[in-house]
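Chemist: okay, here's the prediction I keep looking at, along with the sequence it came from:
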Amino acid sequence: MSDTDETELRRLRWRCRRGMRELDQLFERWLDHAWPQASDAERGVFLRLLDCEDDRLWHWFMGHEAATDAELDALVQRIRALPPR
């Protein structure tokens, strides 16, 4: 991995810190498992997901409601399906 990639990954890890351990772990698990192989489009969806409000993310990830955006909802479901660390 290049220095630029490492810098970007560190920046993303910082953005993944939400103040809710459960969300932090879900996002970091996706970074570890899927980010390196993700397409540019999927990475863009992940960045949009990071822009969402924490309470909304919590409801999506806990399955209380679904994201109205199909791409965001699909990514939430893929992240929820990742095996625990």
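Modeler: Great, that's in hand.
Chemist: now do the helices in this structure.
Modeler: Here the chain has its helices, by DSSP state H, at 3-16, 21-33, 40-50, 54-61, 70-81.
Chemist: redo these as TSV? Include mean pLDDT and mean neighbour count.
Modeler: Backbone N, C-alpha and C define where each C-beta goes, glycine included. Shown next, in TSV, are those (pLDDT from 0 to 100; neighbours: other CB atoms under 10 Å):
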stretch	mean pLDDT	mean neighbour count
helix 3-16	89	12
helix 21-33	94	16
helix 40-50	97	14
helix 54-61	96	15
helix 70-81	97	15
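Chemist: list the contacts of the residue nearest in space to the middle of the chain.
Modeler: By CA atoms, centre = their mean, the mean C-alpha position of the chain lies nearest to F27, the distance being 4.1 Å. Contacts for F27 (CB atoms under 8 Å, 6 or more residues apart in numbering) come out as C16, R18, L50, I79.
Chemist: and the two most separated of those?
Modeler: R18 and I79 (13.1 Å; CB to CB).
Chemist: before we move on, back to that, how far away is the residue nearest to the centre of the chain from H33?
Modeler: 11 Å (CB to CB, to the nearest Å).
Chemist: how about L82?
Modeler: L82 is 6 Å from H33, where distance means CB to CB.
Chemist: next: L26.
Modeler: 11 Å.
Chemist: next: C52.
Modeler: As for C52, its distance to H33 is 20 Å (criterion: CB to CB).
Chemist: so what's the closest residue in space to L26 that isn't next to it in sequence up against?
Modeler: For L26, ignoring the flanking residues on the chain, the nearest one in space by CB to CB, 6 or more residues apart in numbering is I79 at 5.5 Å. With contact set as CB under 8 Å, 6+ apart, I79 has these partners: L26, F27, R29, W30, F61.
Chemist: again, only this time at 10 Å
Modeler: L26, F27, R29, W30, H33, A34, F46, L49, W60, F61 (CB atoms under 10 Å, 6 or more residues apart in numbering).
Chemist: distance of it from H33?
Modeler: Relative to H33, and taking CB to CB, I79 is found at 9 Å.
Chemist: swap in L72?
Modeler: L72 is 18 Å from H33, where distance means CB to CB.
Chemist: I'd guessed F61 sits against D73; true?
Modeler: No - F61 lies out of contact with D73 (CB atoms under 10 Å); the separation is 11.1 Å.
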